[in-house]
Every structure is written in C-alpha cells, then in structure tokens.
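Chemist: how would this look folded up:
(one chain, ligands or ions: 1)
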Amino acid sequence: MKRTVATLCLALVAALLLSAPQAAQAKQLTGELEIFSWWAGDEGPALQALIDIYKKQNPQVEVINATVTGGSGVNAKAVLKTRMLGGEPPDSFQVHAGQELIGTWVKAGRMEDLTPLFKEQGWMDVFPEGLVKLIGTKDGIWSVPVNVHRSNVLWYVPANLKKWGVEAPKTWDDFFAIAPKLKAQGVVPLALAQNWTCNHLWESVALASLGADNWDALWSGKLKFDSPEGVKAWELFGKVLEYTNADASSLSWQQATDMVIDGRAAFNIMGDWAAGYMYTTKKMQPGKDFGWLASPGTTGEFMFLADSFGLPKGAPHRDNALAWLTILGSREGSDAFNPIKGSISARKDSDLSKYNGYLQSAAADWSKDRVVGSLAHGVAANETFMGGFASVMEMFLKTKNAKAAAKACQQLADKAGI
Ligand code: GAL
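Modeler: Numbers count the residues shown, from 1 in each chain. Predicted coordinates for the structure are as follows:
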C-alpha cells in the first residue's frame, strides 16, 4: 500500500513537471500587437515604458507602435476613422474617456465590452466610480483608463518672472494688470499655438468666466451657449487673445511651451503633458526650473481628461490586445507610465513616491478640488460638437464676434443633441 501511494505521488509529480512547461507554452503569446496613438516624438517615452513592460512579459510578440503626430490627436483621429470604417482596426487605440469614446465608437457598436476584464482584474474597486461611469454605458465598460490629466494649468519659469518684475496671476484681472509690463519688455504675455490649443485655452477661460456650475450646465443643456453668461465667456476669451503671439497657428504645443522655457513668453496655458515635456524631455525640475498655478480664475477647480485604450471589434490580435490592456490598467503599468507622461494615475492606489513634486500637487488637487470635464479633450461633448467647435473657433479668431460665436455654439449644441 505504502509503495502504491509513493508510486502514485511520483507519477503525479512527474506528470506535473511534464505538463507545466506545456501550460506555460500554451499561454505564451505570439504574433503581432498593433497599438495606435498620437504619442509620437516628445510624447513617446511614457508609452515606451508600457511597451517595455509588455515586451518583457511577452517576448514573442512583435509590437507595432503606430503613431500619427499631432497634439490632442488632431491628425490621428482622422486616420483612425478611415481605418475603423474601412474594416482595418488596430489591435488597440488611444481614445479620451467620455463623449469622444461613448458618442462615437461605442455608439457605432464598434467596441468590445471590457467588463469581464475589469472584473477579472479587480478594477471595479480600483478606479474611481465617476471615471468608470465615463467609460461605461448600461451595456458595458468600453476602455481602460491610463491616466488623469489636468487641462487648466498655467506654466511659467520663476526666474524669468522675477527678472521681469511680475508674479504669476491668480485671476484674469491680475493677468491684464501685468500684461502691459511684459509687453513693454518685449515679452509675449501668453504663448499660444495651433487651432486646437485655442480650444484648450478657451475652456480654461470659459471655466473662469462661467464657474464650475455653469460649465456643467452648458453640457447638460441647462444653460444656453448664447445666454449672457455664454457670450461673456467669449468676450473674455477675445480680450485674452490680445496678449498672445501672432504666429500661434504655425506652432505646435511644444513650441509654445518652448517660448516660455526660452523666455520669449511669460506664460502658457496647457494640459500637464507640458509638465511631462519639461520634466522628461527638457530635464527641468518642477518648482525650481518651472512653476505652475491653476489657470487664472480657476483655483480649486480641476478640469480633467483621461487617456484610455479600447479593444475594437475585429482586432486582428485580440489576445495580445487583452494582455496589453491588462498592463495598462495595472498598478505597475500605471506607475511606470504616468511619472514620465506628466499625468497622475487613474488608479486610487498609485505609489506617489514615484511621482515628482508637480504630480504630487496635482494628485492632492484631484482629491479635493471641484472636478469638471474638458471639452478640448473629449470628456464633455461628442464629435459632432467638437468638429463644429473647431470651425467656430476659426471664425472667432478672424472676426472676434463673441455674440456670433456664442450663437453658433448653441446651434452646434442643438445639432449634437446637448
Ligand atoms: C491630449 C492627450 C494628452 C496629450 C495631449 C497633447 O489630448 O490627452 O495625453 O497627448 O493631447 O498631444
């Protein structure tokens, strides 16, 4: 009897030893993984950190890092549309949480429901409830968030402000008070870049003018864009534009940031990927080499956006894409990506010791500020509104007619079903 048990045990151990490599082999992913985003060039290092983790875990998979240059996805989104409609989706693509995801690809029935992955990975408790709502509908959860970015940030170089004898403005009145002094010294008060960065500036100015309640009321249809409050926001925006550089339309957001770094401009209002650019690419230290404040008139308000990746139906390498999404949502992936990117983790359990001083302050604000959604980066409105808004902006830049712009926005809102 004793011998039989011993023999059985040996046989079992042998069987386990034999089967283990086979099981591991069966799990070994092969083939390709194509990921699609607009994180090219200066925006690439954070994405690369995720790819490095993926390659380590899946050495047999060839990762195709398909990027289309252009801040805020201006060019990438058009290319993605052609591919999706042409039946050639990448395995996974970057998309902003909110209406950019829900109002387009989810509405068109082109995405896979990721609820099983969220449950399997225990993500239901790890991501903030509000964020999960933003990437979900009653029918499912449609993407994995990789970060939280802040849109309403004013950037500057402390040593330059000192040299010019000005302080970073907390309100637009403060800004208008110091702008002539800067101009007199040959300094552009506020650096601006191509069209989408005007939309970006507009949302910070509009938030200051309207306040958070009215900002939210615009997107729930409770406040009309052509109301007196709506018109006032455009008027303030027009006044702010008077202090920006004339060559804005030919610059990228990095070049507008360079103007601040080089001392050609005093300030820039940009999302905190600018902190990533200054820290990661330019090797500048937050608090010392560059400073920041909430954009004028928005102290205590956090205008947020989140980058996420989804799984399109018909993804050619579905299993490889699921392994990719698993890394994106993990604590390890998140804490490797975000400190380089200039964003905070979308997870509630990130290791803040890995994040620099700017990001630690952003994380503190995220947990206590009033949070509102960005228009320029996909949270607040769908593609119909966003596409039309770019044209309204073009018109306003030429005419500076606040009433006409406000009216055109309301017409857009009606069309977009807001
Ligand atoms: C935003 C995006 C950021 C950053 C930025 C500039 O839309 O969410 O991650 O890439 O554009 O391109």
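Chemist: could you pull up the residues touching Ser37?
Modeler: 47, 66-67, 76, 93-94, 309 (Cβ atoms under 8 Å, 6 or more residues apart in numbering). In this view, the C-beta of every residue, glycine as well, is placed from N, C-alpha and C.
Chemist: now with 6 Å, please.
Modeler: 67, 94 (Cβ atoms under 6 Å, 6 or more residues apart in numbering).
Chemist: what's across from it in the sheet?
Modeler: Thr67 (DSSP bridges).
Chemist: look at it and report its pLDDT.
Modeler: On the pLDDT scale, Ser37 is placed at 98.
Chemist: now do the helices in the stretch 1-150 of the chain.
Modeler: For the stretch 1-150 of the chain, the helices defined by DSSP state H, counting those that start in this stretch occupy 2-27, 44-57, 76-85, 99-100, 115-120, 129-134.
Chemist: the closest residue to Val231 other than its chain neighbours: neighbour count?
Modeler: Excluding the flanking residues, the one nearest Val231 by Cβ to Cβ, 6 or more residues apart in numbering is Ala406, at 4.5 Å. Counted by other Cβ atoms under 10 Å, the residues lying close to Ala406 total 23.
Chemist: stretch 146-159 and the ligand in contact?
Modeler: Yes - using Cβ under 6 Å from any ligand atom, stretch 146-159 reaches the ligand at His149.
Chemist: which intervals of the stretch 1-150 of the chain have sub-threshold pLDDT?
Modeler: 1-26 (pLDDT under 70).
Chemist: before we move on, back to that, so who does the residue nearest to Val231 touch?
Modeler: Applying Cβ under 6 Å, 6+ apart, the residues near Ala406 are 225-226, 230-231, 234.
Chemist: verify the contact between Thr171 and Ser295 for me.
Modeler: No - look at Thr171 against Ser295 with Cβ atoms under 6 Å: they stay out of range, at 10.2 Å.
Chemist: quick one: which of the two has more around it?
Modeler: Using other Cβ under 10 Å as the criterion, Thr171 and Ser295 rank with Ser295 on top: 28 against 13.
Chemist: surely that one is in contact with Ile269?
Modeler: Yes - Ser295 lies in contact with Ile269 (Cβ under 6 Å); the separation is 4.9 Å.
Chemist: shared neighbours of these two, anything?
Modeler: 154, 204.
Chemist: get me the contact residues on the stretch 201-350 of the chain for the ligand.
Modeler: Counting by Cβ under 6 Å from any ligand atom, the residues of the stretch 201-350 of the chain near the ligand are 253, 271, 273, 305, 307.
Chemist: among these, who's most crowded?
Modeler: Within those, most neighbours by other Cβ under 10 Å means Asp307, with 29 neighbours.
Chemist: that one pairs with what?
Modeler: Applying DSSP bridges, one finds that Asp307 bridges with His96.
Chemist: can you tell me the helix or strand for the residue nearest to Val231?
Modeler: Using DSSP states H and E, Ala406 maps to helix 402-416.
Chemist: thinking again about what came up before, now tabulate the residues of the stretch 201-350 of the chain next to the ligand in a markdown table and tack on pLDDT.
Modeler: Output for these, formatted as a markdown table (pLDDT from 0 to 100):
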| residue | pLDDT |
| --- | --- |
| Trp253 | 98 |
| Gly271 | 98 |
| Trp273 | 98 |
| Leu305 | 98 |
| Asp307 | 98 |
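Chemist: take the contacts of Ala406 and keep only those in helices.
Modeler: Among these, DSSP state H puts 230-231, 234 in helices.
Chemist: can I have the buried ones of these as a PyMOL selection?
Modeler: Buried residues among those (16 or more other Cβ atoms under 10 Å), as a PyMOL selection:
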select buried, resi 230+231+234
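Chemist: between the ones in helices among the contacts of Ala406, which sits nearest the ligand?
Modeler: Nearest to the ligand among the ones in helices among the contacts of Ala406: Trp234, at 22.6 Å, using Cβ to the nearest ligand atom.
Chemist: from Leu29, how far off is His377?
Modeler: With distances taken as Cβ to Cβ, to the nearest Å, His377 is found 32 Å from Leu29.
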